[in-house]
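> pasting the sequence and the predicted model now:
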Amino acid sequence: MIFESSMQLWITHNGEREKLRFPVLPTKFDVTHGTKNTSVTISGLGEILVLQDRAAVEVSWDSFFPAAYFPGIQTPFMLSSPDAMIQRLFEWKISAKPVHLILTGTRVNFYAAIQSLQPYRKGGDPGSIYYKIKLKEYREVRIRQVKVSSTGTATVSSGSTRTDNRVQAKTYTVKPGDCLYNISKSTLGDGGRYNEIYSLNKDKLKNPNLIYPGQVLQLP
């Protein structure tokens, strides 16, 4: 039986094309807002406070990816093993692109970088992977361009307001004897993600069980 909670914890990547819903909610979230305000002492005035822009928000928690179903599980997840989920988080960590962190029912909904990820195992729970993770809010630097017309009128471009965390598309050329499961296992480290490959290539794959040598498939 799957336990459904109104609170869901997600990390998405690559323009929401890649998603991971954490199957077990942590018992607590540590959220640090911080400040960069500084105090200085001026002769004759004493200590004054210099206000600055706020520091980036940091979020951290501990939880685990279970090897089997249990009453507290949030969602079906057995298509991907705990090892594959940890591997995916590591891939996103080193991708040089921010992830989108979402905790439904709260104000935690922003782009962030995975600062640290520490997986470990516990005796007596074979197959499950426990982890500690910390993310830091990502705020994109937006450079606005100023264009001056021949009449001396200045126009300031606002630029994009949405963070772009898309990654360059990866492809795979089908070889004789290939199937989507084996392609998924060799390229993504998890054969259970073959459905993701199929979803990205529905325009050229009418049947996921029929692929042909020479076809170029887009990978997640």
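Perfect, I can see it now.
> quick one: residues contacting Pro208.
Leu180, Tyr194, Asn195, Tyr198 (C-beta atoms under 8 Å, 6 or more residues apart in numbering). C-beta: built from backbone N, CA, C; applies to glycine.
> and the helices in the chain, which stretches?
Along the chain, counting by DSSP state H, helices occupy 82-93, 180-188, 194-200.
> next, the buried residues of the longest one.
Just to be clear, that refers to helix 82-93. Residues Pro82, Ala84, Met85, Gln87, Arg88, Leu89, Trp92, Lys93 are the ones in helix 82-93 that count as buried (16 or more other C-beta atoms under 10 Å).
> just checking, what packs against it?
Using 3 or more C-beta pairs under 8 Å, 6 or more residues apart in numbering; DSSP states H and E as the contact criterion, the elements in contact with helix 82-93 are strand 9-13, strand 18-21, strand 58-65, strand 109-120, strand 129-137.
> residues in contact with the fourth one?
The set of residues external to strand 109-120 that reach it, using C-beta under 8 Å, 6+ apart, is 57-59, 86, 89-90, 92-93, 98-103, 129-140, 163, 165.
> mind listing what that strand pairs with, with the direction of each?
strand 99-103 (antiparallel), strand 129-137 (antiparallel) (DSSP bridges).
> quick one: closest of those strands to Asp203.
Among these, strand 99-103 comes nearest to Asp203, with 25.6 Å by C-beta to C-beta.
> only C-alpha atoms, please: export the closest one in CSV.
Extracted as CSV, the C-alpha positions of strand 99-103 are listed here (Å, rounded to 0.1, in the frame of the first residue of the first chain):
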residue,chain,number,x,y,z
VAL,A,99,18.0,21.9,-10.3
HIS,A,100,14.5,22.9,-9.4
LEU,A,101,13.7,22.1,-5.8
ILE,A,102,10.0,21.9,-4.9
LEU,A,103,8.4,21.0,-1.6
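> quick one: average confidence on that strand?
For strand 99-103, the mean per-residue pLDDT is 93.
> contacts for that strand next, please.
Outside strand 99-103, the residues that reach it (C-beta under 8 Å, 6+ apart) are 7-13, 16, 29, 59, 92, 108-114, 135, 165.
> coming back round to it: out of the contacts of Pro208, which is nearest to Phe64?
Of all the contacts of Pro208, Phe64 sits closest to Asn195, with 24.4 Å by C-beta to C-beta.
> ok, back up a step: among the helices and strands packed on helix 82-93, which comes closest to Pro213?
strand 18-21 (27.1 Å).
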